[in-house]
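Peer 1: Quick one, what's the 3D model for this:
(one chain, ligands or ions: 1)
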Amino acid sequence: MSGTFITFEGIDGSGKSTQLRILAGFLRAQGVELLLSREPGGTPVGVRLRAALLDVQGEVDPLTELLVFAADRAQHVRKVIRPALAKGAVLISDRYADATRAYQGAGRGFSSQLISEIIELATEGLVPDLTILFDVTVEESTNRTTRRSAKNKRDRLDIEKEDFHSRVREEYLRIATAEPQRVKVIDAAGTIEGTQEQLRAIIVPFLQRRGHLSNRLVNTPRHKFKRGHC
Ligand code: TMP
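Peer 2: Have a look, this model is predicted:
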């Protein structure tokens, strides 16, 4: 059996990381061989690149930012994603190349041709089998990230202006419309439980079709979930 590559995307505060954590518990309880990863920061080198990029203090030039996300991705694809897929695992990455289209393309204004070339270089054409887009309005996203920042430090990209986030969201939705087979949109404005239900309704049959998950699911306890970093 060959592996399956799934990515989670959404604007900051969309709740995707919380959803990924809850889904992972469920899938592991079902016996799925699951690996979780993230961009930026899915490798030891990537962890350092992530810290450099998201440090609120640091002034990062937009071209530098674009290239560092690409470098992080190149390392991630070669050292983590491809080996996991070769072993037949399910790998879910919290963000991947669509984030570069949305943030550096639509957000920062780099041309789509340059973005495509850099993505191609970094990924060698590796496209996810499935992408889940957690969609929330910019207003809801801002409410959530403001609540989060009261507890933790806000990262540099969190504090970009609202129109930046609107452009990012529009680009994510555009990608979903252009690639409806690959990208499934979830309305992530509701409760954590409600969003998780929508997520499982897509992921479970998808993994069953690909032979990673049995048609007879093991019963797992229902918990009240707490929102974490997303
Ligand atoms: P995270 O909060 O989902 O961990 O993502 C970290 C930030 O990095 C988030 O604001 C989006 C941003 N980002 C980009 O701008 N371009 C990219 O290619 C990736 C992967 C993330």
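
Peer 1: From residue 219, how far off is the residue nearest to the spatial centre of the chain?
Peer 2: Centroid check for the chain by C-alpha atoms, centre = their mean gives residue 95 as the closest residue, at 2.6 Å. Distance, residue 95 to residue 219, by C-beta to C-beta, to the nearest Å: 32 Å. Using the backbone N, CA and C atoms, a C-beta is placed for each residue, glycine as well.

Peer 1: Any regions of this protein where pLDDT drops low?
Peer 2: The chain contains residues with pLDDT under 70 at 1, 56-58, 148-160, 221-230.

Peer 1: Now do the helices in it.
Peer 2: 16-29, 44-54, 62-76, 82-86, 97-99, 112-123, 138-151, 162-178, 192-209 (DSSP state H).

Peer 1: Report the inter-axis angle for the second one versus helix 62-76.
Peer 2: It refers to helix 44-54. Note on geometry: by axes from the mean of the first three to the mean of the last three C-alpha atoms, to 10 degrees, helix 44-54 and helix 62-76 are set 160 degrees apart in direction.

Peer 1: Could you list the buried residues of stretch 172-192?
Peer 2: The neighbour-count criterion (16 or more other C-beta atoms under 10 Å) identifies 172, 175, 176, 183, 184, 185, 186, 188, 189, 192 as the buried residues of stretch 172-192.

Peer 1: and what of stretch 88-102?
Peer 2: Within stretch 88-102, the residues scored as buried using 16+ other C-beta under 10 Å are 89-102.

Peer 1: In strands only, show me the residues you listed.
Peer 2: Using DSSP state E to define strands, the subset of the buried residues of stretch 88-102 located there is 90, 91, 92, 93, 94.

Peer 1: pretty sure the last one contacts residue 36?
Peer 2: What it means is residue 94. Yes - counting by C-beta atoms under 8 Å, residue 94 touches residue 36, with 7.4 Å between them.

Peer 1: Show me whatever sits in contact with both of these two.
Peer 2: Residues touching both residue 94 and residue 36 (C-beta atoms under 8 Å, 6 or more residues apart in numbering) are residue 20.

Peer 1: and the chain, which residues reach the ligand?
Peer 2: Contact residues, the chain versus the ligand (C-beta under 6 Å from any ligand atom): 12, 39, 40, 54, 69, 94, 95, 99, 100, 103, 104, 157.
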